[in-house]
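**Q** here is a sequence with its predicted model. Questions after.
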Amino acid sequence: QVQLVESGGGLVQPGGSLRLSCAASGSLVSIYVMGWYRQTPEKQREMVATTFSGGNTNYADSVKGRVTISRDNAKNTVYLQMNNLKPDDTAVYYCYANLRLIGQTASRNYWGQGTQVTVSS
């Protein structure tokens with residue numbers, strides 16, 4: 001089995017910063033993609049940022065220039081540094097990973113439990 005454990009959410013004022021972390025653990029063989037998605041009651045889950053094993057990254061247009069995704073392969077951990085946060089960034093943020101475990105012949109998608117980010121004055 002695999003666990004994706006998130007941390008770093010909370011309440012922040014507009015213009016503030018937060019750093020989310022997500023650590024993957026389990027019988028891991030390879031992690032191909034790690035990233036962050038977010039969801040509100042009014043919207044479908046949407047991609048915020050992803051990072052690939054080769055180093056490429058993708059960002060949603062709504063966060064470009066304000067958010068940086070990084071990855072520590074030695075720790076199987078992905079980080080999301082969010083700056084200049086806006087009320088529209090309020091959502092539950094979910095860690096995502098596409099990885100392969102011992103015994104699997106193909107990679108699968110896994111999700112964390114979610115962490116609440118609230119941007120409000």
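**A** Yep, it's here. Numbers count the residues shown, from 1 in each chain.
**Q** would you confirm that residue 63 contacts residue 46?
**A** No - using C-beta atoms under 8 Å as the test, residue 63 is too far from residue 46 to be in contact (10.1 Å). Where C-beta positions appear, they are placed from N, C-alpha and C, glycine not excepted.
**Q** which residues in this protein form strands?
**A** For the chain, the strands defined by DSSP state E cover 2-7, 10-12, 18-26, 28-40, 43-52, 57-59, 67-72, 77-82, 91-101, 108-111, 115-119.
**Q** got the ones you listed as TSV, with mean neighbour count columns?
**A** Shown next, in TSV, are the strands of the chain (neighbours: other C-beta atoms under 10 Å):
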stretch	mean neighbour count
strand 2-7	16
strand 10-12	14
strand 18-26	18
strand 28-40	18
strand 43-52	16
strand 57-59	15
strand 67-72	17
strand 77-82	22
strand 91-101	20
strand 108-111	13
strand 115-119	18
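**Q** can you redo the ones you listed as JSON lines with mean pLDDT?
**A** JSON lines is the format used below for the strands of the chain (pLDDT from 0 to 100):
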{"stretch": "strand 2-7", "mean pLDDT": "95"}
{"stretch": "strand 10-12", "mean pLDDT": "98"}
{"stretch": "strand 18-26", "mean pLDDT": "97"}
{"stretch": "strand 28-40", "mean pLDDT": "96"}
{"stretch": "strand 43-52", "mean pLDDT": "96"}
{"stretch": "strand 57-59", "mean pLDDT": "97"}
{"stretch": "strand 67-72", "mean pLDDT": "97"}
{"stretch": "strand 77-82", "mean pLDDT": "98"}
{"stretch": "strand 91-101", "mean pLDDT": "97"}
{"stretch": "strand 108-111", "mean pLDDT": "97"}
{"stretch": "strand 115-119", "mean pLDDT": "98"}
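**Q** what residue is smack in the middle of the protein?
**A** Computing the C-alpha centroid of the chain and ranking residues by C-alpha atoms, centre = their mean puts residue 36 first, at 2.5 Å.
**Q** identify the bridge partners of that residue.
**A** With DSSP bridges as the criterion, residue 36 is bridged to residue 49, residue 95.
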